[in-house]
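Participant: need a structure here:
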Amino acid sequence: MKSNSLSPSSPFHLILAITGASGACYAGRLLEELGTRPEIRVSIILSRNAESIWQDECSIPMPEALHFRYWDLFDFSAPFASGSNPADAMLVLPCSMGELARIANGVSDNLITRAADVQLKERRPLVLVPREAPYNLIHLRNMTLAAEAGAIIVPASPSFYHRPNNITELIAPFIHRLLHLCGATTEYEGFKWGINTVDNDVEY
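Facilitator: This next block holds a predicted model:
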């Protein structure tokens, strides 16, 4: 996987893990936004199936930027694989049920699950975005375990009260909501209820 140097001046370090669940468009839209935000240093990890699903759903190359770095799934030399150097936040988007299960049960068998383990033990934000339907009892129990350990569970369920006209507009508020939950500053407020006036007599 390609790799480029990180900007040493970036004050906020975000780990973005992209796993092999449907919903690559969420990660794609987030990376578009992060590409305009050099103040956020981004470490990207792809699961084994993430890239093939990305190609199926996005049909574009993985984005690159000077403040992005792609890490191999099994490169445990990454600084954030140690509790002595955790990231400011970690986002798993989308989060497959397999990766959720490993994170919830402390199975640190790759860099995604190890980094997530570090975030939890160091009490740093870990946001998991599952994309599955319907959930079975095992999925729900794993989400409960992860939440009890400190993770924030945010199902890929975008809102509609801002009246989106296309997929890009639908996803945008959700992406900024995720950044907000990670603790990254964002000037976009479209995800906040009441920012856009909604008539009570809307016909559906």
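Participant: from here on, contacts and neighbour counts on C-alpha atoms
Facilitator: OK.
Participant: other SSEs contacting the longest helix along the chain?
Facilitator: Taking DSSP state H as the criterion, the chain has its longest helix at helix 167-182. Counting contacts by 3 or more C-alpha pairs under 8 Å, 6 or more residues apart in numbering; DSSP states H and E, helix 167-182 packs against helix 24-34, strand 89-95, strand 126-130.
Participant: Figure out which of the ones you listed is closest to Ala50.
Facilitator: Ala50 sits nearest to helix 24-34 of all those, at 7.9 Å, using C-alpha to C-alpha.
Participant: ok, residues contacting the closest one?
Facilitator: Residues from elsewhere that reach helix 24-34 (C-alpha atoms under 8 Å, 6 or more residues apart in numbering): 18, 40, 42, 50, 53-54, 57-58, 63, 93-94, 168, 171-172, 175.
Participant: which outside residues touch the next helix-or-strand element following that helix?
Facilitator: Using DSSP states H and E, the helix or strand that directly follows helix 24-34 along the chain is strand 40-46. Residues from elsewhere that reach strand 40-46, judged by C-alpha under 8 Å, 6+ apart: 6-7, 10-19, 34, 67-73, 111-112, 184.
Participant: Distance from strand 40-46 to the middle of the chain?
Facilitator: From the chain centre to the centre of strand 40-46 is a distance of 10 Å (C-alpha atoms, centre = their mean, to the nearest Å).
Participant: Identify the neighbouring strands of that strand in the sheet and state each direction.
Facilitator: Strand 40-46 has its sheet partners listed here by DSSP bridges as strand 12-18 (parallel), strand 68-71 (parallel).
Participant: how about these in TSV, adding mean pLDDT?
Facilitator: Listed next are the strands paired with strand 40-46 as TSV, based on pLDDT from 0 to 100:
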stretch	mean pLDDT
strand 12-18	97
strand 68-71	97
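Participant: Below-threshold pLDDT in the protein: ranges please.
Facilitator: 1-10, 186-204 (pLDDT under 70).
Participant: burial measure for Arg131, as a count.
Facilitator: 20 (other C-alpha atoms under 10 Å).
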